[in-house]
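> just need the structure, nothing else, for what follows:
(2 chains)
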Amino acid sequence: MDSAIIGTWLAALLTLGIMSFLYKDNLYYKICEAIFIGISAGLWFITYFWDSLYRIAWIGVVHEGRYVLLGGVVLGVMMLMRLFGKIGWIARWPLAFIVGATAGLKMMVYFTTNAMAQIHGTVNDTMAAFGGSGLYDVVGRIVILIGTVTGLVYFYFSKEHKGLFGGVAKVGTWFLMITFGASFGYTVMSRMSLLLGRIDFLLTDWLKLVK
Amino acid sequence: MLALLRIAKLVVFISSSLFVISLLPTHSVHSQDASPSGSNLGPITVRAHDTDNDAGGSVTVEWDDPGYEKMSGFAGFLIWRTNTLTGTSDSVEVTPFGTHSYDDRSVSDDSTYSYLVAALVNSERVMSAPSMQVRSAKQWFDSRLTWVLILGLIICGAVIYFIESAKRGTKLFLRRIAGLEAIDEAVGRATEMGRPILFVAGIQDMDDVQTIAGLTILGSIARTVAEYDTKINMPVRASLVMTAARETIKHAYVTAGRPDAYNDDMVHYVTDEQFGFVAAVDGIMVRERPAACFFLGAFFAESLIMAETGNSIGAIQVAGTAMPAQLPFFVAACDYTLIGEELFAASAYLSGEPRQLGSLKGADVGKAIAMIVILVGVIATTIASAWNSESMLWIENLLRKMFSTG
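This next block holds a predicted model:
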């Protein structure tokens, strides 16, 4: 039998098994779940083994002499110290290193993209709105200005949301909820396309009902 | 010896320039004084310098066009490069119409280069004189980001100030966050019902700040769980998160005076595969029927699947993430949702830890600056635009410069 046909049948049966969860938890779903988890965990183990241990630690350090990679190897070995009770505390050091290094690396990116660019964009856009743009643009940019400022007020934690401040924060909440509603609808539509993709696979590739 | 070396370099440079010119078809090459088709244009002037604010490996070539672009049959400018150390020459690029500068990113910091630019008109090439020799180099400070540094220092200074204040015992005020009050309620309900609680710290690794915030909240929840003697089940997707979560829960049990009740199996690895992990969590939910589910961390497409399953089994659900695309699903399917930065605020609020409290207060200073700048910027630009006010224009330009990220 053609291996492609076997593959299609396996994919179709596993798809139906996972979808059967919509009815209720059942043996068919449990089998598919166990296959999915087992195979994926094994796959990731092999991926990490060849990508990290073999390609970086062994080839990189031993064969290519890139000794800077030894730092990662040492951190990895320190993580394994957790397996030995008395010196298990050593495993906290690589964790601290990862958290600290990542925070430092990402700080600039977040600060420039999430804060600076947002402020720059809001000021510029609103300015252009008053510079002779169409009514649609003017209204849009004023809405962005109000949404940004009231959103910032909502996420200001040093003052209780009471009085005028609370009212402005409430407007910020409305903006958030309207945004969430639009985002919800948009994402559900994209999920529908995923579902349609699976149904198309079942009807076209498996059952051959659609040509 | 050094003088001899310089003379040798000069000889190499002159000979390589002559070599480049000799490579070009003699019937179509004109010197800078000559012009095709009887036109009477001046020479092309070329300047080459190290590209500003980069990590090396790039030279910027700029030239003035005396008017070749306006001639019929103009096809572009040919950039010709000579490595003055090795004497090798090659064409780099033919630039399109209207372009008078080019970043050559194929150079080495270890060599020096000289450039020629030729205007291609019909089948003829009009050469410039060679540029001065140039060498690329990396810059340790990106001058375009000076204001980023200044603003960053202001905010970091505020963070450090508030951290030190908190350490000295100053009480820092943080407003109440609604979702937090639900945590004790959810754990209490699980205890009454004799059912476990489920905690998912997102699907990202320890290099995501949301995972760290989730684990900080886990510490507080685990302390309550230990005090109430409730069961906690925490499936994880990343091995580092598993290690960190075990440490967190263990510490919480020790703090609650119940180290004997801690068990490593409370936190267990499932798989790194996103939807394999979701399938497992869904299975755990419908089989163990936890009374409370906590989803606190970074989530992607699995957010709705997990929150819907938790909803279907009637669990109290508290979620929190800073992933904008996933927040709508948590808001729709969970009882309480910590939106965006509330996740980090909750983490600081619950831990009461000076560093976290100080960071949050410092971030509030940043937000206050942002609000003021936006409002001042809009007012200034509006007045500048409507009444041509010089002073307002100055403010507008200053703000533009300050918040430009290059």
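> shaky segments in chain B?
Chain B contains residues with pLDDT under 70 at B:1-40, B:406.
> domains of it?
Residue ranges for the domains of chain B, per automatic domain parsing: B:26-127, B:172-352.
> and chain A, which of these is closest to it?
In terms of C-beta to the nearest C-beta, the element of the domains of chain B nearest to chain A is domain B:172-352, at 3.3 Å. C-beta here means a position set from N, CA and C on the backbone, and glycine is covered the same way.
> could you check how far that closest one is from the centre of its chain?
Relative to the centre of its chain, domain B:172-352 is centred 27 Å away, using C-alpha atoms, centre = their mean, to the nearest Å.
> start to end distance for that domain?
10 Å (C-alpha to C-alpha, to the nearest Å).
> can you pull out the residues in contact with stretch B:349-356?
With C-beta atoms under 8 Å, 6 or more residues apart in numbering or on different chains as the contact definition, stretch B:349-356 has outside contacts at B:163, B:166-167, B:174, B:177, B:180, B:216-217, B:219-220, B:344, B:347-348.
> so what's the residue nearest in space to the middle of chain A up against?
In chain A, the residue lying closest to the centroid (C-alpha atoms, centre = their mean) is residue A:187, at 14.0 Å. Shown in contact with residue A:187 (C-beta under 8 Å, 6+ apart): B:325, B:328-329.
> ditto for residue B:268
With C-beta under 8 Å, 6+ apart, residue B:268 has these contacts: B:234-236, B:242.
> residue A:140: which of the residues you listed is nearest?
Top of the list for closeness to residue A:140, among the contacts of residue B:268 and by C-beta to C-beta, is residue B:236 at 42.9 Å.
> how about the closest one, phi and psi?
phi -130, psi 160 (degrees, to the nearest 10).
> wait, isn't it in contact with residue B:244?
No - look at residue B:236 against residue B:244 with C-beta atoms under 8 Å: they stay out of range, at 9.2 Å.
> then the strand or helix carrying residue A:10 to PDB, C-alphas only?
Secondary structure assignment for residue A:10, by DSSP states H and E: helix A:3-19. What follows is helix A:3-19 as a C-alpha-only set of coordinates in PDB (Å, rounded to 0.1, in the frame of the first residue of the first chain):
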ATOM      1  CA  SER A   3       2.700   5.200   2.300                       C
ATOM      2  CA  ALA A   4       0.900   8.400   1.400                       C
ATOM      3  CA  ILE A   5      -2.400   6.600   1.700                       C
ATOM      4  CA  ILE A   6      -1.400   5.300   5.100                       C
ATOM      5  CA  GLY A   7      -0.400   8.800   6.100                       C
ATOM      6  CA  THR A   8      -3.700  10.300   5.000                       C
ATOM      7  CA  TRP A   9      -5.700   7.600   6.800                       C
ATOM      8  CA  LEU A  10      -3.700   8.100  10.000                       C
ATOM      9  CA  ALA A  11      -4.000  11.900   9.800                       C
ATOM     10  CA  ALA A  12      -7.800  11.600   9.200                       C
ATOM     11  CA  LEU A  13      -8.400   9.200  12.100                       C
ATOM     12  CA  LEU A  14      -6.300  11.300  14.500                       C
ATOM     13  CA  THR A  15      -8.200  14.400  13.400                       C
ATOM     14  CA  LEU A  16     -11.500  12.700  14.100                       C
ATOM     15  CA  GLY A  17     -10.200  11.400  17.400                       C
ATOM     16  CA  ILE A  18      -9.200  14.900  18.600                       C
ATOM     17  CA  MET A  19     -12.500  16.400  17.300                       C
END
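> can you give me the helices for chain A?
Along chain A, the segments classed as helices by DSSP state H run A:3-19, A:27-48, A:70-80, A:92-110, A:117-129, A:135-154, A:163-200.
> show me what the third one is packed against.
I take that to be helix A:70-80. On a contact count with 3 or more C-beta pairs under 8 Å, 6 or more residues apart in numbering or on different chains; DSSP states H and E, helix A:70-80 meets helix A:92-110.
> other SSEs contacting the helix it packs on?
Partner elements for helix A:92-110 (3+ C-beta pairs under 8 Å, 6+ apart): helix A:70-80, helix B:209-228, helix B:239-255.
> could I get the buried residue list for that helix?
A:92, A:94-95, A:98-99, A:102 (16 or more other C-beta atoms under 10 Å in any protein chain shown).
> go on, stretch B:160-171?
Buried residues in stretch B:160-171, counted by 16+ other C-beta under 10 Å: B:162-163, B:165-166.
> which residues touch that stretch?
Residues contacting stretch B:160-171 (C-beta under 8 Å, 6+ apart): B:172, B:354-355, B:357-359, B:361-362.
> what's the neighbour count on the closest residue to residue A:202 other than its chain neighbours?
Leaving aside its sequence neighbours, residue A:202 sits nearest to residue A:12 (C-beta to C-beta, 6 or more residues apart in numbering or on different chains; 5.9 Å). For residue A:12, the count of nearby residues is 16 (other C-beta atoms under 10 Å in any protein chain shown).
> per-residue confidence for residue A:12?
For residue A:12, the model assigns a pLDDT of 96.
> do the one 4 residues further on as well
We have a pLDDT of 96 for residue A:16.
> distance of it from chain B?
14 Å (C-beta to the nearest C-beta, to the nearest Å).
> count the residues that sit near that residue.
15.
> quick one: it from residue A:49, how far?
33 Å (C-beta to C-beta, to the nearest Å).
> circling back to that earlier point, most tightly surrounded among the domains of chain B?
domain B:172-352 (a mean of 21; mean count of other C-beta atoms under 10 Å in any protein chain shown).
> where in chain A is pLDDT low?
A:1, A:124-133.
> that's a strand at residue B:174, yeah?
No - counting by DSSP: H, G, I helix; E, B strand; the rest coil, residue B:174 is not found in a strand; it is coil.
> for it, what are its contacts?
A:157-158, B:345, B:348-349, B:357, B:360-361.
> go with 7 Å
Shown in contact with residue B:174 (C-beta atoms under 7 Å, 6 or more residues apart in numbering or on different chains): A:157, B:345, B:348-349, B:357, B:360.
> now, which of those sits nearest residue A:5?
For the contacts of residue B:174, the nearest to residue A:5 is residue B:345 (55.4 Å; C-beta to C-beta).
> how about that closest one: what's its closest non-neighbour residue?
Excluding the flanking residues, the one nearest residue B:345 by C-beta to C-beta, 6+ apart is residue A:157, at 5.0 Å.
> got the phi/psi numbers for residue B:200?
Torsion angles, degrees, to the nearest 10, at residue B:200: phi -120, psi 120.
> wait, it touches residue B:280, no?
No - using C-beta atoms under 7 Å, residue B:200 is not in contact with residue B:280, being 10.6 Å away.
> between those two, what contacts are shared?
Between them, residue B:200 and residue B:280 share the contacting residues residue B:235, judged by C-beta under 7 Å, 6+ apart.
> now, the most widely separated pair of the buried residues of stretch B:160-171?
B:163 and B:165 (7.2 Å).
> tell me where chain B has strands.
In chain B, the strands defined using DSSP state E lie at B:29-30, B:45-50, B:59-64, B:74-83, B:89-95, B:101-104, B:113-121, B:124-127, B:197-202, B:232-236, B:267-269, B:292-298, B:316-321, B:336-339.
> which one of these lies closest to residue A:162?
Across the strands of chain B, closest to residue A:162 is strand B:336-339 (C-beta to C-beta), at 19.4 Å.
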